[in-house]
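**Student:** Make a model of this:
(chains A and B)
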Amino acid sequence: MSDPINVRTLPPGTRIVTADGAVAEIVSNPADGVWLFARYVESPSDPALVGQEDMIFAQDVVEVRPT
Amino acid sequence: MATAHVGGYRPGLVDLKTGQISREIFVNEDIYAEEQERVFARAWLYVGHESQVPNPGDFFVSGMGEESVILTRDRAGQVRVFLNSCRHRGMKVCRYDEGNTTVFTCPYHGWSYGTDGRLVGVPYFREAYHSQLDRLQWGLVEVAQTCVHKGTVWATWDKDAPPFLEYLGDFARYLDQMFDSWDGSDGGTEILGGVQKWLVPSNWKFPAENFSGDSYHNISHRSVDMVGAGPSGSGRRDMPELNLARKLHIAIPDRGHQTTAYLLPREVEVPAGYQHSPVVSDYFKKCEEARRQQRGDWGRLITLVGEVFPSMAFLARQPRTIAVWHPRGPHQTEVWRWFLVDKNAPQDVKNFLRDYYIRYSGPAGMTEQDDMENWGYAHKASRGTIARRYSYSYEQGMGTEVDNYEWEGFSLPGSVTDLTQAKSSEHNLRNLYRRWAEFMEASDWDELASWRRAQRAAAE
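**Tutor:** The predicted model follows:
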């Protein structure tokens, strides 16, 4: 369990790491503190996700990659 | 205590033959609960104005009866109305009054919905639901029908309700005066400022009957008239018109809508108004002239206060406003008031009207304060065991209404009472309660749409 990350403030273009080790780039942020729209860049557990857009749940975000 | 079912509504509680209505329909909690189902879940209700959601993703949180609803424009540009309640545990998915968004996210567990109502985000969809949840079945609850009419947005929960324009029937011509530009052109109004919201300690039917055409209560506003805070010099702004015109109450019996109106003589110019501002005075003078040219006889008719059954009221003449009476229990009503102006009016006119509207309407408006005091105290004084035994009188002007009313060669649809001599009538109020009783008694829209039976009979 990592410290909670305030996803509301993350701008498009930011790369995030999810709990299962995937890396995704934020496409848009509805700023509801719950969801991010992001495109997968890396997905070791499910490579088929790479390139796909998905909604990422805030509690799944474990790290914000420095830009 | 009387209940909703003892003796039916018309003979027992709403007695239109004698012109008496029981206080129970205002204060009885069982009746209140039943009217949520029979009236508010079946009728067309005003939700908002299209100008409040001009862009995709715009939303405005409104109400339909006791329900919170979201009026939104989806990404495809379609106006939609949804129940503001998450399908998972019921939490409001939108707690802002208005704004723009891509998704409505429930703050409780995080279910998230697109502006088209589809469930798009489910936390741990793969892990906890094993990708098995059928998201298509769990979108936001959408109203059964929506209609955008001259910029106004209406909705009903009942799929069997007739289309909105059929629901209005002949009343549409009167109501449209509210939504068209004052010069008679189509659909040229916009909302001025925000929506005023406040609570009144009375049943919602008190304001509903007041705006149906209770011209008997003008004595309540005498202090405002005496202060002379109107925009046209001393006294009531509309008094010069009133002195020239036929004063009419117009009801559409099979629909339950009603309005008050002035019908001006054909050859007489509309008297000047708004003398406190030459710009505004000149604007409305030109509008009146254009209106007469464009609308002919209909341009002579000035719709005043009215009510679209059950809970939308309007004041078509200045201050031009829409009010909705949201029921908040039998003993409380939340009033929402929208203010309209001609979209193309000069900014000086809009500014002037804004000040006038605030001074007149709403919880701080001098006129509406009088009304609120009446409704609140009348309701409170009707709740006691003894008070409930005594009906209200709605006998005024019984039997004086006429169909096919005509004046100077202009015939008006509906059931019309000419009050030029009589001063006042409660015909419009009886019309409201007749329709209310029909809604409370009817099992479905086959019964409620009585005009369809008449049309079918005529066709056979």
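
**Student:** who's the residue of the stretch 51-200 of chain B found nearest chain A bridged to?
**Tutor:** As assessed by Cβ to the nearest Cβ, chain A sits closest to B:Thr105 within the stretch 51-200 of chain B, at 4.1 Å. (Glycine included, C-beta is placed from N, CA and C.) Taking DSSP bridges, one obtains B:Ser112 as the residues bridged to B:Thr105.

**Student:** close enough to count as contact, it and A:Ala31?
**Tutor:** No. In this structure B:Thr105 lies outside contact range of A:Ala31 using Cβ atoms under 8 Å: 9.8 Å.

**Student:** So for these two, which sits in the more crowded spot?
**Tutor:** Neighbour count, other Cβ atoms under 10 Å in any protein chain shown: between B:Thr105 and A:Ala31, B:Thr105 has more, with 24 against 15.

**Student:** Which pLDDT value belongs to that one?
**Tutor:** pLDDT, B:Thr105: 97.

**Student:** just B:Gly228 next, same as before
**Tutor:** As predicted, B:Gly228 sits at a pLDDT of 69.

**Student:** Ok, B:Ser223 next?
**Tutor:** At B:Ser223, the model reports a pLDDT of 76.

**Student:** Without its sequence neighbours, what residue ends up closest to it?
**Tutor:** B:Asp370 (7.5 Å; Cβ to Cβ, 6 or more residues apart in numbering or on different chains).

**Student:** List the contacts of that neighbour.
**Tutor:** By Cβ atoms under 8 Å, 6 or more residues apart in numbering or on different chains, the contact set of B:Asp370 is B:220-221, B:223-224.

**Student:** B:Gly414 now?
**Tutor:** Neighbour list for B:Gly414: B:170-171, B:174, B:250-253, B:403, B:405 [criterion: Cβ under 8 Å, 6+ apart].

**Student:** measure it to chain A for me?
**Tutor:** Noted for B:Gly414: a distance of 49 Å to chain A, by Cβ to the nearest Cβ, to the nearest Å.

**Student:** how close does that residue sit to B:Arg246?
**Tutor:** Per Cβ to Cβ, to the nearest Å, B:Gly414 is found 14 Å from B:Arg246.

**Student:** before we move on, the earlier item: in which helix or strand would I find the residue nearest to B:Ser223?
**Tutor:** Using DSSP states H and E, B:Asp370 falls within helix B:366-380.

**Student:** Give the rounded mean pLDDT of that helix.
**Tutor:** If you average the pLDDT values across helix B:366-380, you get 88.

**Student:** now swap in stretch A:7-16 and tell me
**Tutor:** The pLDDT scores in stretch A:7-16 average 96.

**Student:** So which residues of chain A form strands?
**Tutor:** Taking DSSP state E, the strands of chain A run over residues A:15-18, A:23-28, A:35-42, A:53-57, A:61-65.

**Student:** Output those strands as CSV; include the columns distance to B:Asn428 and mean neighbour count.
**Tutor:** Putting these into CSV (distance: least, Cβ to Cβ, whole Å; neighbours: other Cβ atoms under 10 Å in any protein chain shown) gives the following:
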stretch, distance to B:Asn428, mean neighbour count
strand A:15-18, 62, 19
strand A:23-28, 52, 18
strand A:35-42, 51, 20
strand A:53-57, 53, 18
strand A:61-65, 60, 16
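
**Student:** what would these look like in CSV with distance to B:Phe352?
**Tutor:** Listed next are the strands of chain A as CSV, based on distance: least, Cβ to Cβ, whole Å:
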stretch, distance to B:Phe352
strand A:15-18, 53
strand A:23-28, 42
strand A:35-42, 46
strand A:53-57, 49
strand A:61-65, 53
